[in-house]
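Enquirer: Sequence unavailable; structure follows:
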């Protein structure tokens with residue numbers, strides 16, 4: 001959506017923070033981020049209940065659709 005805050009979860013940023021550490025997505029929540037682009041959706045799925053949605057890239061979205069629930 002235009003004007004929406006999106007966090008680009010780049011490998012460099014992931015490496016700077018501990019993968020799986022709850023402070024990783026807490027920073028995003030505090031900043032008002034509701035969308036994340038990531039290649040590692042398992043790090044972010046846990047925050048779906050808090051309003052963060054994985055919105056890309058398309059390769060990640062394709063993997064999420066093909067993963068059984």
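Expert: Received the coordinates, thanks. Everything numeric here is computed off the predicted structure, so don't read it as measured data.
Enquirer: tell me which residues of the helix or strand harbouring residue 43 are tucked away?
Expert: Residue 43 is located in helix 42-45, with elements delineated by DSSP states H and E. In terms of neighbour count (16 or more other CB atoms under 10 Å), helix 42-45 has its buried residues at 43-44. Just so you know, the C-beta spots here come from the backbone N, C-alpha and C atoms, and that holds for glycine as well.
Enquirer: helices or strands up against it?
Expert: Applying 3 or more CB pairs under 8 Å, 6 or more residues apart in numbering; DSSP states H and E, one finds that helix 42-45 contacts helix 23-30.
Enquirer: Following the chain past the helix it packs on, name the next helix or strand.
Expert: Next along the chain after helix 23-30, taking DSSP H and E as the criterion, comes strand 35-37.
Enquirer: I'd like to know which elements that following strand is packed against.
Expert: Packing contacts for strand 35-37, counted by 3+ CB pairs under 8 Å, 6+ apart, involve strand 6-8, strand 53-56.
Enquirer: Format those strands as a markdown table; extra columns: mean neighbour count, distance to residue 40 and mean pLDDT.
Expert: Listed next are the helices and strands packed on strand 35-37 as a markdown table, based on neighbours: other CB atoms under 10 Å; distance: least, CB to CB, whole Å; pLDDT from 0 to 100:
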| stretch | mean neighbour count | distance to residue 40 | mean pLDDT |
| --- | --- | --- | --- |
| strand 6-8 | 15 | 13 | 69 |
| strand 53-56 | 16 | 10 | 88 |
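Enquirer: Quick one: closest of those to residue 31.
Expert: Closest approach to residue 31 among those (CB to CB): strand 6-8, 7.8 Å.
Enquirer: so where is the protein shaky, pLDDT-wise?
Expert: Residues of the chain meeting the criterion pLDDT under 70: 1, 8-24, 26-27, 68-69.
Enquirer: rewinding a little: ok, which of the helices and strands packed on strand 35-37 comes nearest residue 45?
Expert: Among the helices and strands packed on strand 35-37, the nearest to residue 45 by CB to CB is strand 53-56 (7.5 Å).
Enquirer: Can you list the strands that the closest one pairs with?
Expert: According to DSSP bridges, strand 53-56 forms sheet pairs with strand 35-37 (parallel).
Enquirer: Okay then, goodbye and thanks.
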